[in-house]
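**Q** Make a model of this:
(2 chains)
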Amino acid sequence: MIANVTVKVLSHTKYLCLIREVTARFCSICGLDEELTGNIRLAVDEACSNVIKHAYLGDTSRRIVVKYAVSKKEIRIVIEDSGKKTLPEMLKGRDLNEVRPGGLGVHFIRRVFDQVTLDPKKKRGNRLLLIRRTGEQNGL
Amino acid sequence: MDFEMSDYRGNKVISLAGEIDMHSSPVLREKLLAVIRDRPQRLIVNFSNVSYIDSSGIATFVEGLKHIKAYSGRLQLSEIPKPIMEIFSFSKLDKVFEICGSTDDAVSR
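**A** Residues are numbered from 1 along each chain as shown, chains lettered A, B, ... in the order given. Next comes the predicted model:
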């Protein structure tokens, strides 16, 4: 790995803007273009929003850890919580042809990352691994 | 996020600015639904100064649309910046919402 960054915040929605900012800056430093940076920023924001909503059920006093790492081949982002277990089937988005509020966040995550997996070894809480292969776009 | 109401040629216009995320969308939802409770025939939401929207923000507008359609009103979204328009298109909501180039364009429809 060439660079590593870790951000730890409380599970309050007011910190989502901070996570977005760090995500965007990290992608920018890695040489990703504006469009890909924007899509990764949205995906990480959605994943952290899901932690607040589904894993911590709105409890604002818990912790979210976001770890960023980049190599010549990929960007790897890990999001950890110690809340309620996310079931793998929750990582499937709803049918996009349905018009109803909610259920889009998972699509925003899946459209930009090549790999979206929950670590089954994590005993308490969740560890979501997001990998985006960057190829030549990665400027590092 | 900033939320500003105005009247334009007899139509209600909401001008939004800043970021719409899970932190700000509950406030947006409350204000949007309060406007819709007055049953405007046409409600225009101007996005020109919106820099970011997430799925909770999109969900707020889908909910607003359902309320407004229930009494045959119109919800028109205008001046959506390109990166945000791309999110509406990806979600297939560009075909669901009435999307207009400008407030004048919305009023003329």
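
**Q** Quick check: chain neighbours aside, which residue is closest to the residue nearest the centre of chain B?
**A** In chain B, the centroid-proximal residue (Cα atoms, centre = their mean) is residue B:45; its distance is 3.9 Å. Of all residues not flanking residue B:45 in the chain, residue B:14 sits nearest, at 4.7 Å (Cβ to Cβ, 6 or more residues apart in numbering or on different chains). Heads up, the C-betas are built off the backbone N, CA and C, glycines and all.

**Q** Report the contact partners of the one you found.
**A** Counting by Cβ atoms under 8 Å, 6 or more residues apart in numbering or on different chains, residue B:14 touches B:3-5, B:31-32, B:35, B:43-46.

**Q** average pLDDT across the one helix or strand the residue nearest to the centre of chain B maps to?
**A** Assigned by DSSP states H and E, residue B:45 falls within strand B:42-53. Averaging pLDDT along strand B:42-53 gives 98.

**Q** what does stretch B:74-81 give?
**A** Rounded mean pLDDT across stretch B:74-81 is 98.

**Q** quick one: is that stretch near chain A?
**A** No - using Cβ under 8 Å from any Cβ of the partner chain, stretch B:74-81 never reaches chain A; the gap is at least 10.9 Å.

**Q** where's that stretch relative to the chain centroid, distance-wise?
**A** Relative to the centre of its chain, stretch B:74-81 is centred 6 Å away, using Cα atoms, centre = their mean, to the nearest Å.

**Q** in that stretch, what's buried?
**A** Under the neighbour-count criterion of 16 or more other Cβ atoms under 10 Å in any protein chain shown, stretch B:74-81 has B:74-80 buried.

**Q** so residue B:48 makes contact with residue B:77?
**A** No - using Cβ atoms under 8 Å, residue B:48 makes no contact with residue B:77, being 10.8 Å away.

**Q** Remind me what the host helix or strand of residue B:66 packs against, helices and strands.
**A** According to DSSP H and E, residue B:66 maps onto helix B:55-70. Contacts defined by 3 or more Cβ pairs under 8 Å, 6 or more residues apart in numbering or on different chains; DSSP states H and E place helix B:55-70 against helix A:34-50, strand B:11-20, helix B:25-37, strand B:74-78.
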